[in-house]
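Only the shape, not the letters, is given here:
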């Protein structure tokens, strides 16, 4: 049983109540708590030393990443973040100055997006360091962009460039809040997700939730410079394209719109976000699965991305 | 710098926004998000293996405790819990069945209080297990019971019996939600806190927030049977009274009311909660600090509880 299967089992029969519009299983939960014109978004996430950062990572960047991951989830719903609470697990011997610098990173990012930090707990941990963030956001009633709304024929878009995040971006990425709010206020975004487990890992969440498949154009995948450098360092045992498709922590937006919206969206995007790439990388189809098209043909892409493509190199 | 000093430094200058009525530093944050007649409560907390539970603790109890701690904080504001999100950090080799049983404990408790679980993340952790819970609750507008509202002359009450929680109660306590809601809907509760760090550790939070001191009557402190047994096992090197005052994780309510409310409150409590002890254990005074009165005199009580009383035994 992998992580996704475990989560699926755990979240299959969770208790609910009348406030829940969308429960576990999307980027954020959506709650109707009685605000006349808005709904709440609710999300939690954690970063752990040795997994999401290292003992010698700059603590400001650790704090930035911990909060930015949750902000990216609120962005993926088209929402606006509101307030956050933080729990830090800390071994007794850890320098308190380290925590203060983690908070500097959290504080700087929170201030930029008018996010209030309304609870800051520390708890003793025998030997591991973790930072758990829970974030409240909001969205105009009924306007949350879910994973489940994709339609056959939709154009599939991704922001930014993919792959190579481990070389630095995973610690200092800017959550795509402004971009997502702009998108969802101006266009009918059918479905959206933020990329945390790689395009090949996260696209299937949209496809599964929407009951569809996707056709990707290999030459349209935006490959980051970092992924190209990494592929060279790996002596092309893994291609830059494969790194772009499968590496995690891109924190870019993946979304779908009706095909008739594709060109106007691209035009208006370029005028508004001239420094952020936006690429149409494929379309949604009825046939399940992810199908990668290159000049050699059509290749099924697994969530790990490896199987068929490494053979077809 | 101890945990409380660190938290005080971290939370001294946190970013805020217009929704924040009460930020970090009380049992929960209080937020006005535009619900016409209610305010939100927001809280996070975590339990860590080796600190709050052991590797062989029944996983259902681990789940129960993780959620119950947050519910106890919502109780301490007089609020009603609404929905929760969970993050579990798990080493790769841990049996997924363990997590499912943790969720059973969470699910059972959540169902009892109509709490929706709207997000359940698991994240890899190198070697430690932690469960972080964030909880949303609500309260009628302006009715949150804070730590800062105590007044000189207030009668000081505590629910249940204190001490000895480590022998079992810390894993299966029932959060005092019904009691707290009953109290705050029928009486003007001036201040309230839940006991997680022992009476001697938590009472000072009320006193500090309210700018007051307290006089405790030693013979009125409700000592649990478990604390009495533990004191015997320690050959009275630490008295049962001292265990009741200083041991953590009682998760009882400590609150203050005007002295004129004390007798009616006790009478009505007995009629409503015949199986839960409620004790008037002292009163609030102007002189700072906690002063414990017994037949030998008045003894200053430190937050650790030790210094003067062990000498006076």
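Cool, got the structure. Values in this document were obtained by computation on a predicted structure and should not be read as measured data.

now the host helix or strand of residue A:41 and strand B:38-48, what's the angle there?
Remark: residue A:41 resides in strand A:38-48, with elements defined by DSSP states H and E. Counting by axes from the mean of the first three to the mean of the last three Cα atoms, to 10 degrees, strand A:38-48 points 20 degrees away from the direction of strand B:38-48.

Strand partners (parallel or antiparallel) of strand A:38-48?
Based on DSSP bridges, the strands next to strand A:38-48 in the sheet, each with its direction, are strand A:29-31 (antiparallel), strand A:130-140 (antiparallel).

from the middle of its chain, how far away would that strand be?
Centre-to-centre, strand A:38-48 and its host chain are 12 Å apart (Cα atoms, centre = their mean, to the nearest Å).

helix or strand right after that strand?
As assigned by DSSP H and E, the chain's next helix or strand after strand A:38-48 is helix A:59-76.

how big is the angle separating that following helix from strand A:130-140?
Going by the same axes, to 10 degrees, helix A:59-76 is angled at 30 degrees with respect to strand A:130-140.

Next, see if helix A:59-76 gets close to chain B.
No. For a cut-off given as Cβ under 8 Å from any Cβ of the partner chain, helix A:59-76 has no contacts with chain B; the smallest distance is 9.5 Å. All C-beta atoms are positioned from the backbone trio N, CA, C, and that covers glycine.

and residue A:6, how many neighbours?
Applying other Cβ atoms under 10 Å in any protein chain shown, we find 18 other residues in the vicinity of residue A:6.

what is the rounded mean pLDDT of stretch A:147-161?
In this model, stretch A:147-161 has an average pLDDT of 98.

Kindly report the same for stretch A:114-132.
Summarised as a single mean, pLDDT over stretch A:114-132 is 92.

how about that stretch: buried residues?
A:115-123, A:125, A:128-132 (16 or more other Cβ atoms under 10 Å in any protein chain shown).

now, which of the residues you listed lie within helices?
Assigned to helices by DSSP state H, none of these qualify.

For chain A, which segments count as strands?
A:20-22, A:29-31, A:38-48, A:80-90, A:116-124, A:130-140, A:155-159, A:191-194, A:213-217, A:253-257, A:278-285, A:289-294, A:297-301 (DSSP state E).

Redo the strands paired with strand A:38-48 as JSON lines? Include distance to residue A:65.
Written out in JSON lines, the entries for those read as follows (distance: least, Cβ to Cβ, whole Å):
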{"stretch": "strand A:29-31", "distance to residue A:65": "22"}
{"stretch": "strand A:130-140", "distance to residue A:65": "9"}
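
wait, residue A:177 sits on residue A:81?
Yes. Checked against Cβ atoms under 8 Å, the pair residue A:177 and residue A:81 is within contact range at 7.1 Å.

Comparing these two, which residue is more hemmed in?
Set side by side, residue A:177 and residue A:81 give different neighbour counts by other Cβ under 10 Å, the larger being at residue A:81 (25 against 21).

how far away is the more buried one from residue A:199?
Residue A:81 is 24 Å from residue A:199, where distance means Cβ to Cβ, to the nearest Å.

and what of residue A:127?
For residue A:127, the distance to residue A:199 (Cβ to Cβ) stands at 35 Å.

show me where pLDDT drops low in chain A?
Across chain A, the ranges flagged by pLDDT under 70 are A:1-4, A:303-313.

domain assignment for it?
With automatic domain parsing serving as the domain definition, the record reports that chain A contains domains spanning A:15-140, A:147-312.

Can you tell me which of the ones you listed is most buried?
A comparison of the domains of chain A by mean neighbour count, using mean count of other Cβ atoms under 10 Å in any protein chain shown, puts domain A:15-140 on top with a mean of 22.

First-to-last residue distance for that one?
Using Cα to Cα, to the nearest Å, the gap from the first to the last residue of domain A:15-140 comes to 25 Å.
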